[in-house]
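In: Mind folding the following:
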Amino acid sequence: MMTRSIALLICSCLLAVVAGIPLDVDCSRRQDVNTVRGCCAYPNLNFDQFRKQCGKYMPVGSPKVSACLYECIFNATNVLDGWEVNPSNTRSMLERLLGNNQDFLEAYVEGMLNCSDTVQAMMKNRRSRYPNASECSPVAVYFAICTQKYVFNHCPSSSWAGTEACETARLQSLNCPNAQLSRGVGLKKQ
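Out: Numbers count the residues shown, from 1 in each chain. Have a look, this model is predicted:
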């Protein structure tokens, strides 16, 4: 009986190693959103840099995140050509949004450059909540979501909380198959 238990343990360890998942990562455990929220001290994005071109999507008192605002900013800066991200235009757009925060600038640029496949998959798998609910495409918002999650995984050490809960969340994000696609992980670097 003991030999069988040891054999099962060895098999499960080998399966985890073959799958590329570290043994101390529990992919079935859900992340606590409130805990994860404080792991990386993200900089504020300065949307006012685009008020002249996209101000109609920034009404006072409204949330700043909208498909139309992101689409307008991406269009104003010519970030996308189809699904391809223009690296220099992306850097320029992010410099305007982030100011001179070089640590985060590199992480955001790298994230954007690594999200095309993820965004295509998100578009393919999206569910339309309401037909014709918005005249704007969600593509730019999907790039923003994927990039933000990429930055979580590559948060500059000076802005990373480093708690056990944060380290666990990052390990899950990097290694658990159900979390990888939406976080820009496992994609081919450009």
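
In: use CA for all of it now, contacts and neighbours both
Out: Noted.

In: For the residue nearest to the spatial centre of the chain, which three-state class applies?
Out: In the chain, the C-alpha nearest the mean C-alpha coordinate belongs to residue 149, at 2.3 Å (Cα atoms, centre = their mean). The local conformation at residue 149, judged by DSSP: H, G, I helix; E, B strand; the rest coil, is helix.

In: Roughly how far does it sit from residue 49?
Out: Distance from residue 149 to residue 49, counting by Cα to Cα, to the nearest Å: 23 Å.

In: And residue 88, by the same measure?
Out: Relative to residue 49, and taking Cα to Cα, residue 88 is found at 18 Å.

In: out of the two, which sits in the busier spot?
Out: Remark: of residue 88 and residue 49, residue 49 carries more neighbours, 16 against 12, as counted by other Cα atoms under 10 Å.

In: Tell me who's in contact with the more buried one.
Out: When contacts are counted by Cα atoms under 8 Å, 6 or more residues apart in numbering, residue 49 touches 96, 97.

In: okay, it: pLDDT?
Out: What the model reports as pLDDT for residue 49 is 91.

In: would it count as being in a strand?
Out: No: assessed with three-state DSSP, residue 49 is helix; it does not lie in a strand.

In: Name the nearest residue to residue 72, sequence neighbours excluded.
Out: Counting by Cα to Cα, 6 or more residues apart in numbering, residue 54 is the residue found nearest to residue 72 once chain neighbours are left out, at 5.9 Å.

In: And for the one you found, the neighbour number?
Out: By other Cα under 10 Å, the residues close to residue 54 number 19.

In: Residue 65 now?
Out: With neighbours defined by other Cα under 10 Å, the count for residue 65 comes to 13.

In: isn't there a strand covering it?
Out: No: counting by three-state DSSP, one finds residue 65 to be coil, located in no strand.

In: Now tell me which helix or strand of this structure has the poorest mean pLDDT.
Out: Lowest mean confidence among the helices and strands of the chain (mean pLDDT, DSSP states H and E): helix 2-19, at a mean of 37.

In: tell me which residues in the next helix or strand after that helix are buried?
Out: Moving toward the C-terminus from helix 2-19, the next helix or strand (DSSP states H and E) is helix 33-37. Neighbour counts using 16 or more other Cα atoms under 10 Å place residue 36 of helix 33-37 among the buried residues.

In: Give the other helices and strands that helix 33-37 contacts.
Out: Contacts defined by 3 or more Cα pairs under 8 Å, 6 or more residues apart in numbering; DSSP states H and E place helix 33-37 against helix 164-175.

In: Now do the helix it packs on: which elements does it pack against?
Out: Short answer (3+ Cα pairs under 8 Å, 6+ apart): helix 164-175 packs on helix 33-37, helix 139-153, helix 177-180.

In: these two touch, right, residue 51 and residue 58?
Out: Yes: taking contacts as Cα atoms under 8 Å, residue 51 lies within contact range of residue 58: 7.4 Å.
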